[in-house]
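>>> Below are the sequence and a predicted model; questions follow.
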Amino acid sequence: MENAVGDGFGFSLATGDVDRDSMDDLLVSSPFSDTINYEKSGNVSVYYGSIWGMREEQDVLFRGNKPAERFGSSIG
């Protein structure tokens, strides 16, 4: 998924071992992003870490499911 201007990509950041591989993963929010069904529902992208570093493309995308929910406004 491409991040558009105004999505707020990077609005909130967090790290943690999401995939339980003992490597930190990066969570990046875009709370103002739209989905096909809802405007400003927001999302959080997860980038898995490895011994080689972070991938450039997201591994998992969590999406808000309500209009104007702004999912990802705060993560941590």
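Now that the structure is in, tell me what you want to look at. Numbering: from 1, shown residues only.
>>> And stretch 13-22, end to end?
Terminal residues of stretch 13-22 are spaced 19 Å apart (C-alpha to C-alpha, to the nearest Å).
>>> can you list contacts of it?
Outside stretch 13-22, the residues that touch it by C-beta atoms under 8 Å, 6 or more residues apart in numbering are 23-29, 46, 48, 50, 59-60, 75-76. Any C-beta I mention is one placed from the backbone N, CA and C, and that applies to glycine too.
>>> Same question for stretch 37-56.
When contacts are defined by C-beta under 8 Å, 6+ apart, stretch 37-56 is touched by residues 1, 8, 18-19, 21, 23-35, 57-73, 75.
>>> Out of the residues you listed, list just those in strands.
In strands, defined here by DSSP state E, the members of the contacts of stretch 37-56 are 25-30, 60-63.
>>> Which members of these are classed as buried?
Buried members of the ones in strands among the contacts of stretch 37-56, counted by 16 or more other C-beta atoms under 10 Å: 25-30, 63.
>>> The residue lying closest to Met23 once chain neighbours are set aside in helix, strand or coil?
Taking C-beta to C-beta, 6 or more residues apart in numbering as the measure, Met23 lies nearest to Gly49, with 4.2 Å between them; neighbours along the chain are not counted. At Gly49, secondary structure determined by DSSP: H, G, I helix; E, B strand; the rest coil is coil.
>>> heads up, I number from 30, so please use that
Renumbered: residue one is now 30, and that last one reads Gly78.
>>> Let me know how buried Gly78 is, in neighbour terms.
For Gly78, the count of nearby residues is 20 (other C-beta atoms under 10 Å).
>>> now swap in Asn94 and tell me
By the measure other C-beta under 10 Å, the count of residues near Asn94 is 12.
>>> Ok, Arg99 next?
Using other C-beta under 10 Å, Arg99 has 18 other residues around it.
>>> got a list of what it touches?
Contacts for Arg99 (C-beta under 8 Å, 6+ apart) come out as 60-61, 69-71, 93.
>>> phi, psi of the nearest residue to it once chain neighbours are set aside?
The spatial neighbour of Arg99 that comes closest, neighbours along the chain excluded (C-beta to C-beta, 6+ apart), is Pro60 at 4.2 Å. Pro60 adopts backbone torsions of phi -70, psi -10, taken as degrees, to the nearest 10.
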